[in-house]
Structures are given as C-alpha cells and as structure tokens.
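A.B. asks: here is my input; please provide its structure:
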Amino acid sequence: MNPNELEFLKNEDAMKLAVLSVQQKMDEIMLGGGKKKLEKLKSEGKLPARERIEKLIDPGSSFFEIGGFAGYGMYEEHGGCPAGGTVMGLGRIHGRICMIVANDPTVKAGAWFPITGKKNLRAQEIAMENKIPIIYLVDSAGVYLPMQDEIFPDKEHFGRIFRNNAKMSSMGIPQIAAIMGSCVAGGAYLPIMSDEALIVERTGSIFLAGPYLVKAAIGEDVDQETLGGATTHCEISGVTDYKMPDDTTCLNTIRDLVSKMGKPDKENFDRITSVPAEYTPQQMSGIFPENPVKPYDTVEILKALADKDSIIQYKEDYGKTIICAYARIDGWAVGIVANQRLVVKNAQGEMQFGGVIYSDSADKAARFIMNCNQKKIPLVFLHDVTGFMVGKRSEHGGIIKDGAKMVNAVANSTVPKFTVIMGNSYGAGNYAMCGKAYDPRLIVAWPTAKIAVMGGTQAAKVLTQIQVSSLKSKGEAPDPAAENKLFENIKAKYDIQTTPYYAAARLWVDAIIDPRKTRDFISTGIEMANFAPVEKFNPGVIQT
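C.D. replies: Okay, the predicted model is just below:
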C-alpha cells in the first residue's frame with residue numbers, strides 16, 4: 001500500500017468528510033433541548049446530564065457513548081427527542097468500567113419516549129451480560145403521556161426496566177441511583193429498586209404522585225419538598241440512603257461508593273503487551289474505498305486493526321470470500337471473521353464475487369467460530385457483505401444448508417462477540433455476520449455503513465417489477481415515465497433507510513464511530529466482557 005497514491009488520498013478525504021458529518025450532527029444532539037434550557041438548568045443549581053457524567057468518570061478518561069443518535073429524525077411532530085432524552089455509555093470510575101445512564105431534563109423534562117425505554121433497556125442488557133455496575137443519574141418527569149401506549153404496557157416497555165432492576169440485584173450486579181431532579185410515578189421505582197439511592201437537596205424529589213395529582217385525588221394540599229424532597233425521604237420515610245447538598249457532592253459520593261466495591265472475578269481472556277498495528281489508524285481511512293461497490297483487500301484493513309505480526313489466517317486458501325483469522329487487538333487475543341471484498345477464485349478456478357458468502361466460506365466461518373468458542377477467544381465480526389450467493393448452482397450446492405450452519409454457530413456462540421459494520425450489511429449476510437439479532441456485546445457502524453434487507457437499487461428494481469407485473473396482469477400497459485418515477489421514489493426511500501443514522505436512531509447499532517477508533521472500541525469491549533463468565537458452548541444440531 002502506498003499512502004501517496006491518488007486513490008488512497010481520495011478515499012481518505014471521503015472518510016474524513018463522512019466522519020466530520022457525523023461529528024457535526026452529534027454536536028447538535030449534545031445540546032439536548034437547546035442552549036436556553038441548558039442555561040436555565042444551571043441557574044437552578046443543576047448540572048446538565050453530560051457534565052454530570054464528566055464529573056463522575058475518572059479525570060482525563062474517555063466516555064464511550066452508546067445511543068447518541070437514538071431518536072435522530074424521529075418524533076418531529078412532538079418536537080424531537082435528541083439522544084432519546086438520555087445520555088448513556090461506558091465510563092471508568094476509579095478504573096472500573098461502569099454503565100452510566102443520565103436523564104437529560106432539557107428534553108421534555110427528561111420524559112420517556114418509546115426510544116428512551118429501548119435505550120435504557122439496552123443499558124441494562126449490557127450491564128447484565130457483562131456483569132458491570134450500572135449508575136443511574138435520575139432527572140425525569142416519567143412517561144411521555146402523549147405516547148403512553150408505545151412505552152407503557154408491552155414486554156419491552158417501561159415496566160421491563162424495574163424487572164431488570166430486580167434481576168440484576170439477584171445477579172449481584174451493583175446498581176447505584178442518584179435522584180438529581182424529578183422522579184415521578186412509576187419512575188420512582190427505578191432508583192429505589194437499586195442497591196443504594198442518593199438524593200440532592202432542593203432539586204431532587206421522588207413520589208408516586210405529585211402535588212397537583214394529590215390535590216386532585218384526595219384533596220390534600222402539600223408542597224413538593226414536603227411530599228417527596230430530600231429531608232422527607234432521608235429523615236422520615238427512609239426511602240433514600242444519602243442526602244446530598246449539591247450535584248458535585250452527589251457525584252463524588254458515587255465515586256467513593258464505587259471505589260469501595262469488591263474486586264470482581266475475571267474470565268481472563270488472553271492478553272499480552274500491546275504493540276501498534278502495522279498501519280496507523282489514519283491509514284485505515286485511505287484503505288476503505290470511497291465507492292461502496294469497489295473491491296478492496298480486507299486484509300489491509302486487518303493490518304490497521306490488529307497488532308503487528310499477530311494475524312494468522314485460518315484456511316487461508318479455502319472459502320476466500322470470508323477471512324477468518326486469529327490475531328491480537330491491543331494485546332487481546334481475538335478471532336476475526338471479515339468479509340473479503342476482492343474478486344477471488346475458488347479451488348475449481350471459478351470466480352467468486354467479493355462481499356458475497358458462498359457455501360465454502362460459510363462452512364469455513366462456522367468451523368472457525370466453533371474453534372474460537374472451544375478456546376474461549378472473543379470474536380470480532382467485520383461487515384461488508386451483500387448476502388449469500390444465489391442461483392441454481394448455489395442452491396444445488398446446498399447454500400441454504402451451509403448458511404444455516406454458519407448462522408447456527410453464531411447464534412450458539414457463548415464467547416463475547418463484537419460487530420463492526422464497515423460497509424454493506426444486507427439480508428441474511430447481516431444475520432450470519434452477527435447482526436443485532438445475534439446478541440453482540442456491542443455493535444457499531446462506520447459512517448460508510450449500509451444496513452437493509454438489500455441495497456436501494458436492487459430493492460427498487462424488485463418492487464418496480466412487481467408493480468409492473470401487477471399492471472400487466474390487469475391488462476394495463478406500464479407507462480415508462482411512471483415506471484421510472486416509481487423506481488426513483490422507492491430507491492430514495494431505501495437509500496434513507498440504509499444509512500447508519502437511520503440504524504443508530506432506532507438502536508440497531510450502539511454507535512456510529514470514527515473508523516480510526518475501532519481498535520480502542522474493540523479493546524474496551526473485551527475488557528468490559530472480561531468480567532462475565534463464559535458459558536459452555538453447545539452448537540446444537542449442525543448439518544454436515
């Protein structure tokens with residue numbers, strides 16, 4: 001690879017622009033409900049959600065935000081819901097990785113939209129899977145009433161949060177909650193079902209029904225502080241455990257509580273001293289092509305991710321459209337399953353399209369995944385896949401059977417799995433490569449990612465053909481102009497739905513990351529997963 005090549009520079013510029021676009025959108029999201037509401041919050045003696053997190057985590061440490069794009073482009077008729085009204089992610093407190101969840105009271109007073117519930121459940125899921133402490137910084141008006149039917153009654157709705165509180169308690173996963181603002185109605189159960197609850201004087205309050213509802217229900221006149229303030233719950237009801245004079249003291253106390261937790265057991269995934277990758281993170285941006293259909297050698301991407309000289313390819317000359325390799329990333333031993341985008345030849349000398357999963361590559365990947373489970377090696381999946389090979393030859397060769405074998409291995413895998421969607425992630429290829437439905441511990445997308453059942457052009461062609469066939473069956477001649485317009489409308493819709501922003505808004509991915517930070521993401525993920533024991537691998541029935 002020559003970094004001075006024109007193609008490399010074009011790719012690098014395109015990736016830089018894509019990353020800049022992500023950051024610009026994120027900068028706007030980070031304003032929450034807007035500058036005026038942030039200023040009002042501070043005038044009340046409260047810190048904004050992101051500043052609370054900054055004071056909570058170790059000075060100078062990084063915070064891996066999850067769900068920053070949650071709700072992006074959604075709920076416009078309700079005024080929007082930046083970041084789903086909640087800031088959450090992984091941060092270190094006295095060196096210990098914790099899940100941190102902070103309501104943003106500048107967004108509809110911290111009310112819960114449907115995506116807010118989904119995001120909070122994802123936070124709890126990560127904490128439960130990896131046996132890491134979870135910290136709740138509560139400042140919420142409760143369920144967003146205009147959309148209560150989409151957040152209140154179903155299995156994966158609001159009530160699931162409290163069920164998870166109880167389950168985590170029985171699993172011995174530490175939960176600490178700080179009541180730093182409103183905590184109303186059903187939402188009051190979240191902090192009190194945690195192990196310990198702190199409450200900030202004057203700004204924090206917790207009750208099942210506020211003063212107005214109490215007046216309407218039983219005719220009693222009572223002010224908010226008397227009904228559910230810090231003094232009431234720390235001195236009279238005993239509901240909360242610690243009375244804090246201000247936000248900063250509250251956050252420092254949480255840090256002290258975490259520092260005194262017992263040291264957790266570790267799974268002890270293999271790690272040695274890290275060495276830099278052969279290529280720099282900056283060079284990775286020039287390797288990945290600007291044109292999403294252009295072939296490239298995925299091995300070059302691995303050389304920018306894995307520690308230098310650590311890559312050992314498994315069955316290198318068999319099933320070449322998937323690369324399976326043992327390697328180290330930041331010293332951690334990993335098994336990598338990556339789509340190869342070069343056009344290659346199989347053993348019979350036949351050409352195979354890059355990014356397509358063939359029978360031989362599916363068979364190889366299934367065997368490799370089972371090997372990694374046998375050896376307790378975490379798995380990293382790198383997506384740039386257009387799907388499984390179709391056609392008579394593939395069907396006769398048993399592509400469904402071999403694809404099912406790979407999906408089975410992924411589904412039953414018990415070692416931690418981490419997924420990075422670099423480019424295309426279409427159809428069953430998304431499933432076989434450990435898409436969201438297959439429980440990766442974390443799943444992220446590059447700005448170049450595209451996620452859908454198929455590409456926009458292909459989908460538009462299929463749906464247009466169906467429409468045209470329908471017209472012909474009715475004896476109506478299709479109008480070429482109308483046909484072309486239909487194609488363009490369908491394609492435009494699909495193109496929007498395949499973007500990483502659309503996926504991140506709905507939490508199909510946890511974050512959109514700068515490709516240059518992929519090594520850090522994987523290393524942090526494995527460190528997090530190292531606190532949870534690995535169950536025995538049982539692949540079930542796999543046809544041979």
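A.B. asks: do you have the strands of the stretch 51-200 of the chain handy? List them.
C.D. replies: For the stretch 51-200 of the chain, the strands defined by DSSP state E, counting those that start in this stretch cover 64-66, 86-93, 96-103, 134-140, 175-184, 196-200.
A.B. asks: strand partners of the first one, parallel vs antiparallel please.
C.D. replies: The reference is to strand 64-66. Paired neighbours of strand 64-66 in the sheet (DSSP bridges): strand 86-93 (antiparallel).
A.B. asks: which other residues reach the partner strand?
C.D. replies: Applying C-beta atoms under 8 Å, 6 or more residues apart in numbering, the external contacts of strand 86-93 come out as 49-50, 53, 56-58, 61-68, 70, 97-104, 110, 116, 119-120, 122-123, 126, 133, 135, 254-255, 258-259, 524, 528. Heads up, the C-betas are built off the backbone N, CA and C, glycines and all.
A.B. asks: got the angle between it and strand 96-103?
C.D. replies: If you take axes from the mean of the first three to the mean of the last three C-alpha atoms, to 10 degrees, strand 86-93 sits at 160 degrees to strand 96-103.
A.B. asks: give me the pLDDT value at the closest residue in space to I57 that isn't next to it in sequence.
C.D. replies: In space, and not counting its chain neighbours, I57 is closest to G91: 3.7 Å by C-beta to C-beta, 6 or more residues apart in numbering. Note for G91: predicted pLDDT of 98.
A.B. asks: where does the prediction get shaky in the stretch 351-500 of the chain?
C.D. replies: Under the criterion pLDDT under 70, no range of the stretch 351-500 of the chain is flagged.
A.B. asks: of the contacts of strand 86-93, buried ones?
C.D. replies: Neighbour counting over these (16 or more other C-beta atoms under 10 Å) leaves 49-50, 53, 56-57, 63-68, 70, 97-104, 110, 116, 119-120, 122-123, 126, 133, 135, 254, 258, 524, 528 as the buried ones.
A.B. asks: still on that earlier bit, among the strands of the stretch 51-200 of the chain, which comes closest to V380?
C.D. replies: Relative to V380, the nearest member of the strands of the stretch 51-200 of the chain by C-beta to C-beta is strand 64-66, separated by 16.1 Å.
A.B. asks: just give me how far the closest one sits from the chain centre.
C.D. replies: Taking the mean of its C-alpha atoms, strand 64-66 sits 8 Å from the chain's own mean (C-alpha atoms, centre = their mean, to the nearest Å).
A.B. asks: so what touches that strand?
C.D. replies: Here strand 64-66 makes contact (C-beta under 8 Å, 6+ apart) with 87-91, 122-123, 126, 442, 510-511, 521, 524.
A.B. asks: nearest to K266 among those residues?
C.D. replies: Closest to K266, out of all of the contacts of strand 64-66 and judged by C-beta to C-beta, is T524, at 15.0 Å.
A.B. asks: I'd say the closest one and N130 touch.
C.D. replies: No. Judged on C-beta atoms under 8 Å, T524 makes no contact with N130 at a distance of 11.1 Å.
A.B. asks: could I get the contacts of strand 64-66 as CSV with distance to S470?
C.D. replies: Shown next, in CSV, are the contacts of strand 64-66 (distance: C-beta to C-beta, whole Å):
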residue, distance to S470
V87, 48
M88, 46
G89, 48
L90, 50
G91, 54
R122, 40
A123, 46
I126, 46
L442, 43
D510, 40
A511, 41
F521, 46
T524, 51
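A.B. asks: point out where the chain drops to low pLDDT.
C.D. replies: Under the criterion pLDDT under 70, the flagged ranges of the chain are 1-4, 541-544.
A.B. asks: next one: the residue nearest to I57 relative to C98, how far apart?
C.D. replies: Distance, G91 to C98, by C-beta to C-beta, to the nearest Å: 6 Å.
A.B. asks: any chance of the strands of the stretch 51-200 of the chain in a markdown table, plus distance to F152?
C.D. replies: Below are the strands of the stretch 51-200 of the chain laid out as a markdown table (distance: least, C-beta to C-beta, whole Å):
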| stretch | distance to F152 |
| --- | --- |
| strand 64-66 | 24 |
| strand 86-93 | 17 |
| strand 96-103 | 17 |
| strand 134-140 | 14 |
| strand 175-184 | 14 |
| strand 196-200 | 23 |
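A.B. asks: of these, which is nearest T448?
C.D. replies: Per C-beta to C-beta, nearest to T448 of those: strand 64-66, 19.8 Å.
A.B. asks: now, which of the contacts of strand 64-66 sits nearest G79?
C.D. replies: Of all the contacts of strand 64-66, V87 has the smallest distance to G79: 18.3 Å, by C-beta to C-beta.
A.B. asks: quick one, phi psi at F381?
C.D. replies: In terms of degrees, to the nearest 10, the main-chain angles of F381 are phi -110, psi 130.
A.B. asks: pull the CA atoms of stretch 55-73 into PDB?
C.D. replies: Below are the C-alpha coordinates for stretch 55-73, written out as PDB (Å, rounded to 0.1, in the frame of the first residue of the first chain):
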ATOM      1  CA  LYS A  55     -17.600  14.800  36.800                       C
ATOM      2  CA  LEU A  56     -18.500  11.200  37.600                       C
ATOM      3  CA  ILE A  57     -15.900   9.400  35.500                       C
ATOM      4  CA  ASP A  58     -12.100   9.400  36.100                       C
ATOM      5  CA  PRO A  59     -10.400  12.700  35.100                       C
ATOM      6  CA  GLY A  60      -8.900  12.600  31.700                       C
ATOM      7  CA  SER A  61     -10.600   9.200  30.800                       C
ATOM      8  CA  SER A  62     -12.800   8.700  27.800                       C
ATOM      9  CA  PHE A  63     -16.500   8.000  27.800                       C
ATOM     10  CA  PHE A  64     -17.800   5.600  25.100                       C
ATOM     11  CA  GLU A  65     -21.300   6.900  24.400                       C
ATOM     12  CA  ILE A  66     -24.000   4.500  23.400                       C
ATOM     13  CA  GLY A  67     -27.200   5.500  21.600                       C
ATOM     14  CA  GLY A  68     -26.100   9.100  20.900                       C
ATOM     15  CA  PHE A  69     -28.100   9.100  17.700                       C
ATOM     16  CA  ALA A  70     -31.200   7.400  19.400                       C
ATOM     17  CA  GLY A  71     -34.300   9.100  18.200                       C
ATOM     18  CA  TYR A  72     -32.500  11.000  15.400                       C
ATOM     19  CA  GLY A  73     -35.000  12.200  12.900                       C
END
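A.B. asks: having no further points to raise, I will conclude here.
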